[in-house]
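Enquirer: got a predicted structure here, sequence first:
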Amino acid sequence: MVALSLSLMGFAQDKQLFNHLSIGPTIGVDGIGIEVATPVTPYVQLRAGYSIFVPTTMHATLNFGTYQTSSRTLDLSNVPVSIGVMPGGLGKILADIYPWPNIPFHFAAGLFFGSGKWASGSADLSKVLTPDEYATLAFGFNNGATISSDKNGFVNIDAKIGNVLPYIGIGFGHAVNTDQLVSVTFDMGVLIGKVHTQSYNYIRDEAGTPVDLNSAALDNKDKGYLDILHKIPVYPMLKLNVFFNVF
């Protein structure tokens with residue numbers, strides 16, 4: 001048994017299995033972050049990390065036209081909107097597969113995981129509505145849905161995607177390169193998952209049940225962009241990584 005253990009340890013050291021570690025910053029579509037990497041076999045390296053999107057919030061003013069309520073017409077032609085992209089950040093576990101270990105080209109596969117929020121938005125209707133209308137006044141759409149604000153006059157919306165997203169891609173470079181103190185890698189691929197948009201229970205159907213926000217719920221004033229977003233099955237991912245050899 002001792003001889004077998006020593007043989008396995010010698011084999012691991014000879015093949016560099018799990019006995020090296022690299023760490024470094026990353027920048028990409030998912031924001032800025034940090035990753036650690038270690039070899040598993042001469043053909044596979046594992047990476048794990050976390051990233052957060054910066055800037056976290058963007059602001060704009062949008063024109064949603066006018067809507068008729070039971071008592072008056074609402075002018076939504078100048079609505080301040082704030083949007084946070086990937087709030088909470090994304091974790092990841094990835095495997096880099098090198099068909100030819102001495103060549104930097106590799107395939108990559110793994111999982112990204114997070115809060116499930118792809119984007120988080122808020123529309124400020126506090127100046128369009130009167131305080132007594134906050135969380136009470138509802139206005140309708142052509143599909144029978146109605147919308148109202150929260151108690152502060154805001155309509156809050158989440159674009160949600162899966163909490164766990166499969167990833168596939170290709171890349172160049174070795175995250176763990178024992179011949180150099182610093183190594184650079186580049187990855188490009190896709191995250192697999194579809195977005196659906198919800199509105200914190202403020203958008204309801206005729207029976208009072210919360211519904212997903214779509215182009216019909218906005219009387220197509222978004223020109224169909226929401227429906228297009230919901231049909232996209234994959235999302236591109238590009239990343240540039242710099243790794244420092246720890247040992």
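Expert: Yes, it's here.
Enquirer: helices of this protein, residue ranges please.
Expert: Remark: helices assigned in the chain by DSSP state H are 2-15, 225-231.
Enquirer: least confident of these, on average?
Expert: Ranked on mean pLDDT, the bottom entry among the helices of the chain is helix 2-15, at a mean of 40.
Enquirer: please report phi then psi for the residue nearest to Tyr43 when sequence neighbours are not counted.
Expert: Computed as CB to CB, 6 or more residues apart in numbering, the closest residue to Tyr43 that is not its neighbour in sequence is Tyr98, at 5.3 Å. C-betas here are computed from N, CA, C, even on glycine. In terms of degrees, to the nearest 10, the main-chain angles of Tyr98 are phi -110, psi 100.
Enquirer: could you list the low-confidence segments of this protein?
Expert: 1-18, 70, 139-146, 198-212, 217-219, 221-222 (pLDDT under 70).
Enquirer: count the residues that sit near the closest residue to Leu226 other than its chain neighbours.
Expert: Nearest non-adjacent residue to Leu226, counting by CB to CB, 6+ apart: Ser215, 4.8 Å away. Counted by other CB atoms under 10 Å, the residues lying close to Ser215 total 18.
Enquirer: show the contacting residues for Ser215.
Expert: 222-227 (CB atoms under 8 Å, 6 or more residues apart in numbering).
Enquirer: and what of Ser71?
Expert: Leu137.
Enquirer: could you do the one 5 residues further on as well?
Expert: Residues touching Leu76, when contacts are defined by CB under 8 Å, 6+ apart, comprise 63-67, 125, 128.
Enquirer: now, which of the residues you listed sits nearest Tyr134?
Expert: Tyr134 lies nearest to Leu125 out of these, by CB to CB, at 8.5 Å.
Enquirer: OK, contacts around the closest one?
Expert: Leu125 sits next to 76, 79, 149, 153-155 when contact means CB under 8 Å, 6+ apart.
Enquirer: now, those residues that are in strands?
Expert: Within the contacts of Leu125, residues falling in strands by DSSP state E are 79, 154-155.
Enquirer: roughly how far does Ile228 sit from Trp100?
Expert: Per CB to CB, to the nearest Å, Ile228 is found 40 Å from Trp100.
Enquirer: next: Gly169.
Expert: For Gly169, the distance to Trp100 - CB to CB - is 18 Å.
Enquirer: those two: who's more crowded?
Expert: Counted by other CB under 10 Å, Gly169 and Trp100 do not tie: Gly169 has more neighbours, with 20 against 9.
Enquirer: now for the more buried one: which residues touch it?
Expert: 107-109, 187-190, 237.
Enquirer: swap in 6 Å and give it another go.
Expert: 108, 187-189 (CB atoms under 6 Å, 6 or more residues apart in numbering).
Enquirer: just the buried ones among these, please.
Expert: Among the contacts of Gly169, those scoring as buried are 108, 187, 189 (criterion: 16 or more other CB atoms under 10 Å).
Enquirer: in the sheet, who's paired with the closest residue to the last one other than its chain neighbours?
Expert: Read it as Gly189. Spatial nearest neighbour of Gly189, excluding adjacent residues (CB to CB, 6+ apart): Gly169 at 1.7 Å. Gly169 has these beta-bridge partners by DSSP bridges: Ala108, Gly189.
Enquirer: separation between Gly169 and Thr73?
Expert: Distance from Gly169 to Thr73, counting by CB to CB: 50 Å.
Enquirer: next: Phe186.
Expert: Phe186 sits 53 Å away from Thr73, going by CB to CB.
Enquirer: looking at these two, which is more packed in?
Expert: Per other CB under 10 Å, whichever of Phe186 and Thr73 has more neighbours is Phe186, with 14 against 10.
Enquirer: please name the residues that touch His230.
Expert: Neighbours of His230 in contact, by CB under 6 Å, 6+ apart: Val195.
Enquirer: scratch that, Gly171
Expert: Counted by CB under 6 Å, 6+ apart, Gly171 has contacts 106, 108, 185-187.
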